[in-house]
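> only geometry, no sequence info:
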């Protein structure tokens, strides 16, 4: 009896979680402007309309640029910081880590407003570069979390052995550190890219005239006739996001499994 | 002499010195060991010679060249790490070839050198394996081959056999010794295992609390320890407090308490002794013997005896001394009450320390 109750609860929970999300792709193929049952027929015209929408494509391009820049910069800075934290005896290590992680717990709206005030005070124009900086505040701690975990499972003697065998710091990085950290680096790139790509509030405050995709979608919701196209766009983002997350997790697990093999041997 | 020279080297990591004013000289082709309990500074000293740590003061020179400020990748040393540090993303061949990249050898020559090294460490045909396909002993050989293929002036070994089980360890000790004799490279071994140090090395530096207590051959270390700590660390030994009565050029006479008045050869006592000095008499269990019929010795009672074949390990209780005397000899017929003889030539007088 008890277990049946739990199963029903679990079923409701999963339905609540996923049915609305699955409605997105469903209605994106529905041949009607109105989001309502019964479905009226299959169409791909909303997708075709998307492809022809120059403003949307511009927003997509903006988001890809911001996501790529955020992912690369955050992972680069995260990698160097994670290495420093795990390899050197640092003073105030705990405090530094805490301050770096803090933006993860500050509400995005507070971050967005404070960055907006900062840019205004410095008399800097709103631009995508500002969005990248805002996203990096959140993405660097994310990247560090992923990379510190990998560095901690990494025998520092390996880097010393490389130096001992005649390679300087740079070559040691390329021949030892980078290949062994690669699963972590890729997983950090994907995670920070998705975080930046999906982010709305900071982008809304800082993007100014050049909207990112979430900001563009928000703007489109005012026009009911464009709603099915937004759904089609949402369906695409959903599919790509899921694929990227699965890829990131697979990469991370590959790294963990390889480590276990090494330790077990 | 002076192939490797360490002069007045001191190192601390913010606290008390880990290595304190250490000076050493190692000869070309020597198998030299740094022996001491964990935390005595031996690994830090080895890491300073490899270049991973920088001395706070003092100098390190190899083959006449000052190395103190030279980074590890430019030093003529190679190291076998305690964890072996086999690169997990490379196979055995590429691990061994790792340090040859800078030489820009033609592929055929590179292959020849690596194959020759694989043969030297008896890993023929294993070049394609990865680290997780190797046993502990094989990993150790890969680490050795990877370091030796660069033909270092000095090979540094950090507890290289510590991770192996006892049988494999003994087998690897023999192999290591033969290999060193064959290739003639200077080996510097760090170990806490006194048997390992005694059986492998030409000379040993015994370290404690960041200082070198004594540098000597295994035999001298065993038979002529310079202080109580060395005598205690290497093998088993009996101590008796004593006072110097007279000292001259040939011999030293001491009042040895329960042992009575004994005259030792001058060489068995520290250089600077004067009448009235407190010393510590030390004698190994196998050098104490039971009195022959008609001979008189120090009377005692056998408290315990462990049979070990030709000799037994025996504890003899003396009246007026709480600690039993360890004796390694055949149990005398009759047992029970015995008389012990302490031959003066085997008694060492050591500085009493306090």
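Received it, and whenever you're ready, just let me know what you need. Model, not experiment: these values are computed from the prediction.

> Tell me where the longest helix sits in chain A.
When chain A is scanned for its longest helix (criterion: DSSP state H), the result is helix A:227-264.

> Show me what the mean pLDDT comes to for that helix.
What helix A:227-264 shows for mean pLDDT is 74.

> Does that helix pack against any helices or strands, and if so which?
helix A:2-28, helix A:45-51, helix A:178-198, helix A:213-220 (3 or more CB pairs under 8 Å, 6 or more residues apart in numbering or on different chains; DSSP states H and E). In short, each C-beta sits where N, CA and C put it, glycine included.

> Out of these, which is closest to residue B:125?
Residue B:125 sits nearest to helix A:178-198 of all the helices and strands packed on helix A:227-264, at 25.6 Å, using CB to CB.

> If you compare the directions of that closest one and helix A:213-220, what angle comes out?
With axes from the mean of the first three to the mean of the last three CA atoms, to 10 degrees applied, the angle from helix A:178-198 to helix A:213-220 works out at 10 degrees.

> for the helix or strand just after helix A:178-198, packing partners?
Per DSSP states H and E, helix A:178-198 leads on to helix A:201-206 as the next helix or strand towards the C-terminus. For helix A:201-206, the packing partners by 3+ CB pairs under 8 Å, 6+ apart come out as helix A:108-121, helix A:128-152, helix A:213-220.

> ok, so what distance separates the nearest residue to residue A:83 once chain neighbours are set aside from chain B?
Distances taken as CB to CB, 6 or more residues apart in numbering or on different chains put residue A:151 closest to residue A:83, at 6.2 Å, once the chain neighbours are dropped. When distance is defined by CB to the nearest CB, to the nearest Å, residue A:151 is 15 Å away from chain B.

> what residues are up against residue A:151?
A:82-83, A:85-87, A:181, A:184 (CB atoms under 8 Å, 6 or more residues apart in numbering or on different chains).

> of those, closest to chain B?
Nearest to chain B among the contacts of residue A:151, counting by CB to the nearest CB, is residue A:181 at 10.6 Å.

> I figured the closest one hits residue A:148, correct?
No - using CB atoms under 8 Å, residue A:181 is not in contact with residue A:148, being 11.1 Å away.

> higher neighbour count, those two?
Applying other CB atoms under 10 Å in any protein chain shown to residue A:181 and residue A:148 shows that residue A:181 carries more neighbours, namely 20 against 17.

> mind checking pLDDT for the residue lying closest to the more buried one once chain neighbours are set aside?
Distance criterion CB to CB, 6+ apart; nearest residue to residue A:181, sequence neighbours excluded, is residue A:150 at 5.9 Å. We note a pLDDT of 87 for residue A:150 in this prediction.

> got a list of what residue A:150 touches?
Contacts of residue A:150 (CB under 8 Å, 6+ apart): A:82, A:181, A:183-184, A:255.

> And for residue A:135?
With contact set as CB under 8 Å, 6+ apart, residue A:135 has these partners: A:66, A:70, A:74, A:192, A:195-196, A:199, A:202-203.

> Just the buried ones among these, please.
Buried residues within the contacts of residue A:135, counting neighbours by 16 or more other CB atoms under 10 Å in any protein chain shown: A:66, A:70, A:74, A:192, A:195-196, A:199, A:202-203.

> Please enumerate the strands of the stretch 101-250 of chain B.
Applying DSSP state E, counting those that start in this stretch to the stretch 101-250 of chain B gives strands spanning B:154-158, B:186-191, B:203-208, B:211-216, B:238-247.

> Turn those into a markdown table, columns for mean neighbour count and mean pLDDT.
Formatted as a markdown table, the strands of the stretch 101-250 of chain B follow (neighbours: other CB atoms under 10 Å in any protein chain shown; pLDDT from 0 to 100):
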| stretch | mean neighbour count | mean pLDDT |
| --- | --- | --- |
| strand B:154-158 | 24 | 95 |
| strand B:186-191 | 25 | 95 |
| strand B:203-208 | 24 | 94 |
| strand B:211-216 | 19 | 94 |
| strand B:238-247 | 18 | 90 |
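
> Can I get the helices and strands packed on helix A:227-264 in a markdown table including mean pLDDT?
Formatted as a markdown table, the helices and strands packed on helix A:227-264 follow (pLDDT from 0 to 100):
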| stretch | mean pLDDT |
| --- | --- |
| helix A:2-28 | 86 |
| helix A:45-51 | 82 |
| helix A:178-198 | 89 |
| helix A:213-220 | 86 |
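
> Comparing these, which comes out most buried?
helix A:178-198 (a mean of 22; mean count of other CB atoms under 10 Å in any protein chain shown).

> gap between that helix and the chain center?
From the chain centre to the centre of helix A:178-198 is a distance of 9 Å (CA atoms, centre = their mean, to the nearest Å).

> and stretch B:107-118, what's its mean pLDDT?
Stretch B:107-118 carries an average pLDDT of 92.

> Kindly report the same for stretch B:313-320.
Mean pLDDT, computed over stretch B:313-320, is 88.

> likewise stretch B:278-286?
Stretch B:278-286 carries an average pLDDT of 91.

> which of the residues in it are buried?
B:279-285.

> In strands, which of these fall?
The strands, defined by DSSP state E, take in B:279-283 from the buried residues of stretch B:278-286.

> separation between the residue nearest to residue A:83 and residue A:211?
Per CB to CB, to the nearest Å, residue A:151 is found 37 Å from residue A:211.

> Roughly how far does the residue nearest to residue A:181 sit from residue A:64?
Residue A:150 sits 27 Å away from residue A:64, going by CB to CB.

> Tell me which of the helices and strands packed on helix A:201-206 sits most buried.
Note that of the helices and strands packed on helix A:201-206, helix A:128-152 is the most buried (mean count of other CB under 10 Å), with a mean of 22.

> which helix of chain B spans the most residues?
helix B:166-183.

> Is there contact, residue-wise, from that one to chain A?
No - Helix B:166-183 is not in contact with chain A by CB under 8 Å from any CB of the partner chain; minimum separation 15.9 Å.

> now for that helix, which elements pack on it?
Where contact means 3+ CB pairs under 8 Å, 6+ apart, helix B:166-183 is packed against helix B:136-148, helix B:194-200.

> Ramachandran coordinates for residue A:62?
phi -60, psi -50 (degrees, to the nearest 10).

> That one and residue A:203, how far apart?
Distance, residue A:62 to residue A:203, using CB to CB: 9 Å.

> Equivalent analysis for residue B:221, please.
To residue A:203, residue B:221 is 73 Å away according to CB to CB.

> about what we covered before: in JSON lines, list the helices and strands packed on helix A:201-206 along with distance to residue B:327.
Formatted as JSON lines, those follow (distance: least, CB to CB, whole Å):
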{"stretch": "helix A:108-121", "distance to residue B:327": "80"}
{"stretch": "helix A:128-152", "distance to residue B:327": "53"}
{"stretch": "helix A:213-220", "distance to residue B:327": "87"}
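
> For residue B:130, find the nearest of those helices.
Proximity to residue B:130 (CB to CB) singles out helix A:128-152 among the helices and strands packed on helix A:201-206, at 19.4 Å.

> by how many degrees do that closest one and helix A:178-198 diverge?
Using the same axes, to 10 degrees: helix A:128-152 against helix A:178-198 is 140 degrees.
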